[in-house]
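only geometry, no sequence info:
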DNA sequence: GGTGACGGCGCG
DNA sequence: AAAGCGCGCCGTCACC
């Protein structure tokens, strides 16, 4: 259900103020929502310094879009902070504008008389076996930014019910570790340690208690990146390392977890041989081998897609099994499925049975499929979607 | 008035 | 030359 949270959310005036300030710095009016116009303004202001060829530092290179225009995406703008206050104003304008025009206004319009929002889940909408959600898409409701999280608070449980959110913890990395039969990482998951910290400890040859936040953060990036086939450049970019360090980091990772490297190679080779990648449960994603023949870039792209198809696809398979199992075993009148967000199931549970229901749902989800590592589910409960609190066993 | 490509960005 | 997977949706722009 949608509460009245957003009705007194006065963001329009703020947006107008930001627009005025931006125009003042720019020296003239223009359409902030047009990347083309914005790019021109920034060039005219000298913020995108048209660097001469002599620059040896390599910084300040203007990133172009695939059609050859100047890129004004957040990553690029952030680098230009400090050159002008206009940068931060634009970023703030973008965030507010996005949240208002993509979520708050359209979703209010889609609110039924019963004050509920009803999405449509497509069962065949993706290549990996995930569901997708549309009109509205409830699988991408904000949560990461502070203001974004407030949008979630407008979603409230029905009277007499409480939200219970069940989140598979690091399920993709678990699938990878199990499928690759990597003894070291399997052991870590069995012990239930903080996996990113564990990875960092291995990468830096340190005991776990000497891992710094920065080391953990970098390990987390590479743990996720591995699954998607992230390259050295991107790794460097997103961790703040230089290319040489990033290269070394990769090397170290595959040294520490050799089975993972072997398994990823195995997926790539099998896909190139058979033309398909297969989840652990046997669902296949096919590729057109003819179309990529002789094109190194397309081949690499297919390899990344294949690795992802196995990991993300197995994840999707498991979550679907869990949805079915919960439905079969429990009373859907008191435990209502509200939403699936890829590795998370949101239920609305009658207040009087919440204490028994939560452990049962958790158990079903954790035991629905057996891997070489345990599946672990985090639970949060609460009356508002944006204010759920961890449920302690 | 409608359509599709594009840049951009929200989520997992 | 390109190099992070999977989605849906916004506004702009070019075009019919």
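Arrived safely, thanks for sending. None of these values were measured; they are calculated from a predicted model.

How far does stretch A:247-259 sit from its chain's centre?
24 Å (Cα atoms, centre = their mean, to the nearest Å).

Can you tell me the number of residues neighbouring residue A:285?
Residues lying near residue A:285 (other Cβ atoms under 10 Å) number 21. No exception for glycine: its C-beta is placed from N, CA and C like everyone else's.

on contacts alone, who are the packing partners of the stretch of helix or strand residue A:187 belongs to?
Using DSSP states H and E, the element containing residue A:187 is helix A:183-191. If contacts are counted by 3 or more Cβ pairs under 8 Å, 6 or more residues apart in numbering; DSSP states H and E, helix A:183-191 sits against helix A:171-180, helix A:195-204.

Out of these, indicate the one that is most buried.
Most buried of the helices and strands packed on helix A:183-191, by mean neighbour count (mean count of other Cβ atoms under 10 Å): helix A:171-180, with a mean of 23.

Which strands and helices lie in contact with it?
Going by 3+ Cβ pairs under 8 Å, 6+ apart, helix A:171-180 lies up against helix A:183-191, helix A:213-228, helix A:258-274, helix A:296-329.

The helix or strand hosting residue A:291 close to DNA strand C?
Element membership for residue A:291 (DSSP H and E) is helix A:289-292. No. Residues of helix A:289-292 contacting DNA strand C under Cβ under 7 Å from any atom of the strand: none, with a closest distance of 10.4 Å.

what about stretch A:118-125 and DNA strand B, touching?
No. If you take Cβ under 7 Å from any atom of the strand as the test, stretch A:118-125 misses DNA strand B, and the best it gets is 12.3 Å.

What helix or strand is the residue positioned nearest the centre of chain A located in?
Nearest to the mean C-alpha position of chain A, by Cα atoms, centre = their mean, lies residue A:140 at 9.3 Å. For residue A:140, there is no enclosing helix or strand under DSSP H and E.

List the contacts of it.
Contacts here follow Cβ atoms under 8 Å, 6 or more residues apart in numbering; on that basis residue A:140 touches nothing.

State the helix or strand in which residue A:285 lies.
strand A:284-286.

Note down every partner strand of that strand and its orientation.
strand A:276-278 (antiparallel) (DSSP bridges).

ok, residues contacting the strand it pairs with?
By Cβ under 8 Å, 6+ apart, strand A:276-278 touches A:267, A:270-271, A:284-287, A:305-307, A:309-310, A:313.

Now find how far off-centre it is within its chain.
23 Å.

Give me the mean pLDDT for it.
Mean pLDDT, computed over strand A:276-278, is 97.

got a list of contacts for stretch A:146-153?
A:3, A:5-6, A:95-96, A:99, A:103-104, A:141-143, A:384-387.

hmm, try it at 6 Å
A:5, A:103, A:141-143, A:384-387 (Cβ atoms under 6 Å, 6 or more residues apart in numbering).

Residue A:280 against residue A:314, yeah?
Yes. Contact between residue A:280 and residue A:314 holds when scored by Cβ atoms under 6 Å: they sit 4.6 Å apart.

what residues does the stretch 151-300 of chain A put near DNA strand C?
Counting by Cβ under 7 Å from any atom of the strand, the residues of the stretch 151-300 of chain A near DNA strand C are A:221, A:224-225, A:227-231, A:233-234, A:238, A:295-298, A:300.

Quick check: of those residues, which has the highest neighbour count?
residue A:227 (21 neighbours).

contacting residues for it?
A:172, A:311.

what's the pLDDT at it?
The model's pLDDT for residue A:227 equals 86.

Would you check how far apart it and residue A:270 are?
17 Å (Cβ to Cβ, to the nearest Å).

Then residue A:380?
38 Å.

coming back round to it: does at least one residue of the strand holding residue A:285 sit close to DNA strand B?
No. Against DNA strand B, strand A:284-286 shows no contacts by Cβ under 7 Å from any atom of the strand, the least distance being 14.1 Å.

where in chain A is pLDDT low?
A:4-12, A:49-60, A:113 (pLDDT under 70).

hmm, 80 instead?
A:1-13, A:49-61, A:112-114, A:393 (pLDDT under 80).
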